[in-house]
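Trainee: Here's my sequence, what's the structure:
(one chain, ligands or ions: 1)
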Amino acid sequence: MKIFLDTANIQEIRDGARLGVISGVTTNPSLASAEGIGNPESYKAAVREIADIVDGPISVEVISLDAKGMIDEGREISSWIDNPWVKIPSTKDGFEAISVLSSEGIQINQTLCFSVNQAILGSQAGSTAVSPFIGRLDDIGLEGIDLIKDIVAVYKEHNIETKVLAASIRHTLHCTLAAHAGAHISTIPYKVLTQMIEHPLTATGVERFKADWEKMAGK
Ligand code: E4P
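Mentor: You can find the predicted model right below:
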């Protein structure tokens with residue numbers, strides 16, 4: 001399973017990229033807004049900076065709700081960087097936009113997916129990846145990870161090549177379970193990336209090795 005960073009924070013992306021474990025980045029209007037990005041020009045500048053840091057797909061979301069607006073935005077976004085994935089929501093207009101943009105060779109990250117049926121429709125419209133939102137399903141009392149399992153199973157059953165990109169990941173267990181469920185990619189906040197590294201036995205282990213070595217060396 002590949003790991004993408006789910007952030008528009010340049011410093012977090014630099015720090016994550018240095019670890020050599022990040023294969024892409026996902027952004028959305030909320031994440032951009034949290035970094036003070038509020039217009040297309042600053043979003044474009046930030047996305048270009050991200051693309052210079054990470055060698056992999058960078059997901060950039062459209063703002064329009066109508067198909068024509070999404071298509072225009074998707075074409076524009078796809079000209080910004082070498083490896084864009086245009087994020088299009090799982091709506092009626094969204095499927096129309098996915099169909100048009102994918103037929104032009106534009107890579108699509110179908111976002112805000114909350115059902116197997118939306119994932120099936122997206123795969124037929126031409127989505128490169130579908131993003132089921134695990135955390136937001138958990139928030140309303142459902143088991144978000146079950147959606148990942150179900151989409152992976154249906155795609156496998158029908159030899160569908162659309163990637164399953166586990167999104168709205170809130171903690172490390174989500175990431176582990178998404179990997180078990182067969183997600184191709186998990187996009188995770190920087191905080192979750194740092195939490196994935198931590199283990200108390202690793203921390204005490206390195207301290208003990210250092211102390212034993214220094215004892216031997218007579219320090
Ligand atoms: C990523 O592509 C999604 O936009 C993101 O994971 C949503 O996460 P949230 O539900 O925590 O806002």
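
Trainee: Report the separation between the residue positioned nearest the centre of the chain and the ligand.
Mentor: When the chain is reduced to its mean C-alpha position, the nearest residue by C-alpha atoms, centre = their mean turns out to be Thr187, at 3.3 Å. For Thr187, the distance to the ligand equals 5 Å [C-beta to the nearest ligand atom, to the nearest Å]. (Glycine included, C-beta is placed from N, CA and C.)

Trainee: Check which helices and strands the helix or strand that residue falls within is in contact with.
Mentor: Assigned by DSSP states H and E, Thr187 belongs to strand 185-188. Here strand 185-188 touches strand 2-6, strand 24-26, strand 163-166, helix 172-181, going by 3 or more C-beta pairs under 8 Å, 6 or more residues apart in numbering; DSSP states H and E.

Trainee: how near is Lys92 to Gln118?
Mentor: In this view, Lys92 and Gln118 are 11 Å apart by C-beta to C-beta, to the nearest Å.

Trainee: Give me the distance from the longest helix belonging to the chain to the chain's centre.
Mentor: Ranked by number of residues, the top helix in the chain under DSSP state H is helix 200-216. Here helix 200-216 is found 36 Å from its chain centre; the criterion is C-alpha atoms, centre = their mean, to the nearest Å.

Trainee: hey, C-alpha coordinates of it in PDB?
Mentor: Output of helix 200-216 as PDB, limited to C-alpha atoms (Å, rounded to 0.1, in the frame of the first residue of the first chain):
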ATOM      1  CA  PRO A 200       7.900   2.800  23.000                       C
ATOM      2  CA  LEU A 201      10.000  -0.400  22.600                       C
ATOM      3  CA  THR A 202      11.900   1.200  19.700                       C
ATOM      4  CA  ALA A 203      12.500   4.400  21.800                       C
ATOM      5  CA  THR A 204      13.700   2.400  24.900                       C
ATOM      6  CA  GLY A 205      15.600   0.000  22.600                       C
ATOM      7  CA  VAL A 206      17.800   2.600  21.000                       C
ATOM      8  CA  GLU A 207      18.500   4.200  24.400                       C
ATOM      9  CA  ARG A 208      19.600   0.900  25.900                       C
ATOM     10  CA  PHE A 209      21.900   0.100  22.900                       C
ATOM     11  CA  LYS A 210      23.500   3.500  23.200                       C
ATOM     12  CA  ALA A 211      23.900   3.200  27.000                       C
ATOM     13  CA  ASP A 212      25.400  -0.300  26.700                       C
ATOM     14  CA  TRP A 213      27.800   0.900  24.000                       C
ATOM     15  CA  GLU A 214      29.000   3.800  26.100                       C
ATOM     16  CA  LYS A 215      29.500   1.600  29.200                       C
ATOM     17  CA  MET A 216      31.700  -0.700  27.100                       C
END
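
Trainee: Much appreciated, bye for now.
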